[in-house]
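Student: sequence first, then the predicted structure:
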Amino acid sequence: MDSSSGVCWAEYTQCWSTGNDEEQPGMWPVTALGFDTSSEILYTGDTSGQLTTYGLGGEGEELEQLASVQCAHTPIRRLYAAKAGRVFVQTDDSVQVRTSGGRKCFGRTTTPNDAFTASTVSASGGEALVFTSAGAGSLLNLELGSVTHRMSVEPSVVAADYRPNALLLATAAGDLVLRDPRAGFQVSLAKRAAFGAGPGCHATDMVRAVDNRVFACGSLMTGATDFADSGAVVRLFDIRKLGEPALDLEPEYGHVPVRLFSDDQLLWICHDSGLLTTRSLAGDVNVAPPPAEAYAEPPLSTYAYMSAFGVAPSGSVAVVSDTDGILHVWSDSTEPFMSTGTPADLYAAPAVLDDDGPLIDDESVSLSSIGMGAPVKSPLLSCMDSERLYDVGRPVAYVESRVLGSLKQMGAVGYAPNPRTQHRNQQPFASTAWRQSWRSAGGPAEDDDDELTRGRPKFISEQLRSRRRQEAGSARASSRSGDPATDATSGGDQQPATSSATTALAPSQMRRMRIEYSRFGVEDFDFSLYNGTRWSGLEGDISNAYANALLQLLYFAEGFRDIVVAHSKSDDCSDASCLSCHLGFLFRMLSDANGASCHASLLLRVLAERPEAAALALLEDADGNPATTTPYAVLAQHLLRFVLEQAANECTEQSSDLPIGFAQRTRTVCPACGTAAERTAHVFAADLDPPQGSAALASLLAGGAASVRRADTQRGSDQPADFLSLVSRALARSDTTRAWCAGCRSFQLLRTDKRITAPPVGFLALNFPVLDAPWQLALPSGFDLEVSADGDCPVRALPPGEPSQCRMQLAAVVSSIRDTPKGNEHLVVHVRVPQAAGGGWLLLNDFLVQPVTQSSVVTLGDWWRTPSIALYAQSPNMDESAAVESSVDLSSTLILTAPTSVLDSPAYKGQSTPAMHQKRRGAKSAKPQSIPRSRFVAAKRNAAVPLTQAEAARLLTERSFRCALDAEFVVLEAAKMEVFGDGTRELHRPPVHTLARLSVVRANGGLLHGVPFIDDYVAATRPIEDLATQYSGIHAGDLTAGSSPHKLSTMKEVYRKLRLLVDSKAIIIGHGLKHDFRVCNIVVPAAQLRDTMVLFQSSRHIRPISLRFLYWYFERKVIQSGEHSSVEDAQATLKVN
């Protein structure tokens, strides 16, 4: 625009800013304006965080609203056009990149205390710089959505201008700072207090750099009472010096300049009143730009002022918004255009339709406009406008985890060795292969897992299909050649996959084990590929499964295992949530499994229901991460203390009866008055100090006392200590703690000496501190421990061979493992088992069980391994070879001959039993007292007729007792499913079921043949997501204690009945027993099972036959026509068998 053109500026149109509130236009004033560089689109952002796009209509017509989307809940401060028709949006708490239709491409957020204060976009529109109030700056790549550079700048940057060779910043204090992008945005020049050095508030509101000129708009509040008298001025600086201002551009009388805009020819100045003035940029830098003849002054109301200003890239359109919510559009032409490029037809006008109806062969006509016979008042769901349709293309090529693990980054470029697993410039793309690669991109590579499975299919159904294909192929080859068929197992599937894993990653057997699910569920996953031993692993796809390693450690501790197993067999404990009982159930299941995979869902569910566990932050959140930021190595130590304390309260008279821990005497002495106090307690684990001496050891120790360890400070030992010295310090330590002294009646520095009084009689647990660097010490396989009552060295850990009081041997080690340097943690355990192949050690990593050498156990120098607990034992064996006895006597059959439940007690209030109240008050002097059976009424429970004494004797003596079983389940948590764009679905986690009803009927002939002797409804202790009434027959309220129409039992009581049947070697008949017993969390030997689903399984079909079809086929009767009944299904199974 110049005066020689002869074209005068005039108001083209004005309209209300509608945003997201069309009923009250102008309610949210516009705070930011922007223009698209390639389309005729105007972007507006208002105080409510709404982004709205407009198109120009005819002269005098309102702007055409194209799209409107809510970006944030704070005002939009700045809008910039980016590449490819995108817009960059800055609010107080976020920066976003969106398409012209409002679809979000990516975004970044910040905290309210460090809000975004300024932003600017490069001339090409491919990069953006954002700044926060605390002085943090980030360079964003607007195409990739990534941060390519971070910098520290001056705080409270309020304006910025980004050029290829200069970054100009202006602060709220009035400072101008020039930074060089070519030198990492280092400061080149700085002008402090660019708007004066006198008292007052110096504020810079807008800055623009044109060639060698810098235009800054600011104000100097020097006692002025009116904003118009604040001395607001536009100052001109030379960018090469940033010294004193070359000159000031005086504003028009009565107008305050607040916004600047510039192009190659003109400088635009917008004032608070809406007045637009321009100045030519031709001439010398030290000469004031002359004012142009043309100007625009939008008519604002009396109390309104300008809120946003923008000039189109074409220079033919200027837009001013005011606080009344009105957009004023001014132009120098009657047919203006805003963009500089070829206008896009993204928002072309809709086709004009004739009265006869649309032309169906016209591709520009929406199908929703075709008549449907009846009048349609609202748009159809099939109407998809152009803004909702976009081409996503093929997935971005993923980078293998082995490459990311060895990546070395220099600036914004990363370098890594080429594993040469793919051809150059080729990306494999298959229907499911790329998804598998994407899932494993953040964890171990697929062929790393193939190294464990030796290339064999992980699903039993796939193994059957593969075996049939091999048999068919061998038969065809034999018929053609006449030679005998070759061995089908020598195919390519059996060849071990070569491993090219780099040393930067943890070994494949140490990484997190993941279960994959087929359409047949978890039962189809072949766990035997990961375990070829007779020792069983625990599955890790359930909540709080990090405890698997600790549970395996306690299972192999023979003395502790015997105590909790004996407690679980006893009738003395009636606490439904007794942790020791469920721990004994788990140990008995591991003993019976004989290498089959198990899971601890029942025990972990009871643990999650204990309020003490939640208070100690021992539980994981919904995403499977610790509830706090506590590392898993420390969490395992806390869980060990908790489990041992609960076992001491529930199983023994006193804590010292447990074979884990040692007796410790604590003596506290006041140096001022000499008052001394002494007590003795049983300690379950000793906390090791870091190898290097530290004065702040309390912050590093897991569960240690919050005290200053002055004894370690006096040692002054900064040299690494050997492991035996650390053990000696852990068993005999001296602390100085500020505490209350009863003798002085004031706070004093009390000296506390803690000494072990006798060698451990069973196991000694040692807790490792979590260090930032790997441990450089090796665990000794054994040491001799000497404990003296007096002397300068009360405890000595001696090397093997020297005479001592007791010999301690390494029995187990719990470690935290990271798959990648930034990956999540998981726990594994190494256990010493002399019967194991190799070096007598086993690695238990969830369901993976492998023999390992002793050197891999005692070496702690790997970055991916953090030791958590080391268990030393006087007995050299940690074995479960002494099988858990399953002997039963006649008294144990009372739960079948006279069944009762703690829920039948009149004193039961639906919350807890008296035994639970006693233990939670801290009573430890006696064993938990059971509720006398005389308080219950032994009666028929639901449809069950209890066993007679003769039947109970037959169950124990003849070992030929037969029964039929069926169970009904409800859903606690729904399945997690992912649906892809092509319609295929992938199961990430199956639904979580729990037992709701168990029915067992007699199958021994006689008058009571087919009559149930167990029909128990299990009281719900957790919220149920789906009752599945059609398949379970369970209605709302059936499992609620106090209101159920049925007699309820606890899960523990039902489990003990199942356990009795298994221990009595009873023959159990059922349909789909593998799934039923899996949900019940019990393992039944195959010799005791008669499963009709397996019995009638077709060798040509993988899908099993339903019980309903079998019963109709043999009996010509229909069952399960309505809701399922476990009693009816058990009786039907009995007849089918």
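Tutor: Received, thanks.

Student: drop to CA atoms for contacts and neighbour counts, all remaining ones
Tutor: OK.

Student: which SSE is Thr37 in?
Tutor: Thr37 is part of no helix or strand when elements are defined by DSSP states H and E.

Student: which SS state does the closest residue in space to it that isn't next to it in sequence fall under?
Tutor: Nearest residue to Thr37 in three dimensions, chain neighbours excluded: Ser339, at 4.9 Å (CA to CA, 6 or more residues apart in numbering). What DSSP: H, G, I helix; E, B strand; the rest coil gives for Ser339 is coil.

Student: am I right that Ser339 is in contact with Gly55?
Tutor: No - the criterion here is CA atoms under 8 Å, and Ser339 misses it with Gly55 at 11.4 Å.

Student: for the residue nearest to Thr37, what are its contacts?
Tutor: Phe35, Asp36, Thr37, Ser38, Ser39, Glu40, Ala312, Pro313, Ser314 (CA atoms under 8 Å, 6 or more residues apart in numbering).

Student: let me know the closest of those to Leu167.
Tutor: Comparing these against Leu167 with CA to CA picks out Pro313 as the nearest, at 21.2 Å.

Student: the closest one and Cys744, how far apart?
Tutor: Distance from Pro313 to Cys744, counting by CA to CA, to the nearest Å: 82 Å.

Student: so what's Ala686 up against?
Tutor: Ala730, Leu731, Leu764, Ala765, Leu766, Asn767 are the contacts of Ala686 under CA under 8 Å, 6+ apart.

Student: okay if I get those residues as CSV plus neighbour count?
Tutor: Shown next, in CSV, are the contacts of Ala686 (neighbours: other CA atoms under 10 Å):
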residue, neighbour count
Ala730, 21
Leu731, 23
Leu764, 24
Ala765, 24
Leu766, 22
Asn767, 26
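
Student: take the residues you listed and keep only those in strands.
Tutor: Cross-referencing those against strands under DSSP state E gives Leu764, Ala765, Leu766, Asn767.

Student: using a markdown table, please lay out these together with pLDDT and distance to Ala633.
Tutor: Formatted as a markdown table, the ones in strands among the contacts of Ala686 follow (pLDDT from 0 to 100; distance: CA to CA, whole Å):
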| residue | pLDDT | distance to Ala633 |
| --- | --- | --- |
| Leu764 | 92 | 18 |
| Ala765 | 93 | 14 |
| Leu766 | 94 | 12 |
| Asn767 | 93 | 9 |
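
Student: nearest to Asp689, of those residues?
Tutor: Nearest to Asp689 among the ones in strands among the contacts of Ala686 is Asn767, at 9.1 Å by CA to CA.

Student: and Gln646, what helix or strand is that in?
Tutor: Here Gln646 sits within helix 632-651, counting by DSSP H and E.

Student: ok, the next helix or strand along the chain from that helix: who's next to it in the sheet?
Tutor: Next helix or strand after helix 632-651 toward the C-terminus (DSSP H and E): strand 662-669. Using DSSP bridges, the strands paired with strand 662-669 in its sheet are strand 676-683 (antiparallel), strand 746-756 (antiparallel).

Student: point out the most buried one among those.
Tutor: Highest mean neighbour count among the strands paired with strand 662-669 (mean count of other CA atoms under 10 Å): strand 746-756, with a mean of 18.

Student: output that strand as CSV, restricted to C-alpha atoms.
Tutor: Written as CSV, here are the backbone C-alpha positions of strand 746-756 (Å, rounded to 0.1, in the frame of the first residue of the first chain):
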residue,chain,number,x,y,z
SER,A,746,14.6,-31.8,76.9
PHE,A,747,15.7,-32.8,73.4
GLN,A,748,19.2,-34.2,73.3
LEU,A,749,21.5,-35.9,70.8
LEU,A,750,21.0,-39.5,72.0
ARG,A,751,23.4,-42.3,71.0
THR,A,752,21.7,-45.5,69.9
ASP,A,753,23.6,-48.7,69.6
LYS,A,754,22.0,-51.6,67.8
ARG,A,755,23.6,-55.0,68.1
ILE,A,756,22.7,-58.5,67.0
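
Student: residues touching it, excluding its own?
Tutor: Applying CA under 8 Å, 6+ apart, the external contacts of strand 746-756 come out as 662-672, 731-741, 787, 794-795.

Student: which members of these are classed as buried?
Tutor: For the contacts of strand 746-756, a burial check counting by 16 or more other CA atoms under 10 Å picks out 662-670, 731-737, 741, 787, 794-795.

Student: re the thing from before, Pro313 and Cys744: who's more crowded?
Tutor: Comparing Pro313 with Cys744 by other CA atoms under 10 Å, the one with more neighbours is Pro313, at 19 against 13.

Student: go ahead and confirm that one touches Met338.
Tutor: Yes - using CA under 8 Å, Pro313 is in contact with Met338, at 6.2 Å.

Student: joint contacts of those two?
Tutor: Taking CA under 8 Å, 6+ apart as the contact rule, Pro313 and Met338 both touch Phe35, Thr37.

Student: now Ser138: which helix or strand?
Tutor: Going by DSSP H and E, Ser138 is in strand 136-141.

Student: name the residues that touch the helix or strand just after that strand?
Tutor: Next in sequence after strand 136-141, counting helices and strands by DSSP H and E, comes strand 146-152. Contacts of strand 146-152 from elsewhere in the structure, counted by CA under 8 Å, 6+ apart, are Gly135, Ala136, Gly137, Ser138, Leu139, Leu140, Asn141, Phe185, Ala412.

Student: what is the nearest of the contacts of Ala686 to Gln654?
Tutor: For those, the nearest to Gln654 is Leu764 (17.7 Å; CA to CA).

Student: what residues are up against the residue nearest to that closest one when sequence neighbours are not counted?
Tutor: Leaving aside its sequence neighbours, Leu764 sits nearest to Tyr872 (CA to CA, 6+ apart; 5.1 Å). Tyr872 sits next to Phe763, Leu764, Ala765, Gly782, Met808, Gln809, Leu810, Ala811, Ala812 when contact means CA under 8 Å, 6+ apart.

Student: separation between the second one and Asp735?
Tutor: According to CA to CA, Leu764 stands 22 Å off from Asp735.

Student: check the fifth one too.
Tutor: In this structure, Met808 lies at 27 Å from Asp735, with CA to CA as the measure.

Student: and for Leu965?
Tutor: Look at Leu965 and Asp735: by CA to CA, they are 61 Å apart.

Student: how about Ala1130, secondary structure?
Tutor: Criterion first, three-state DSSP; result for Ala1130: helix.
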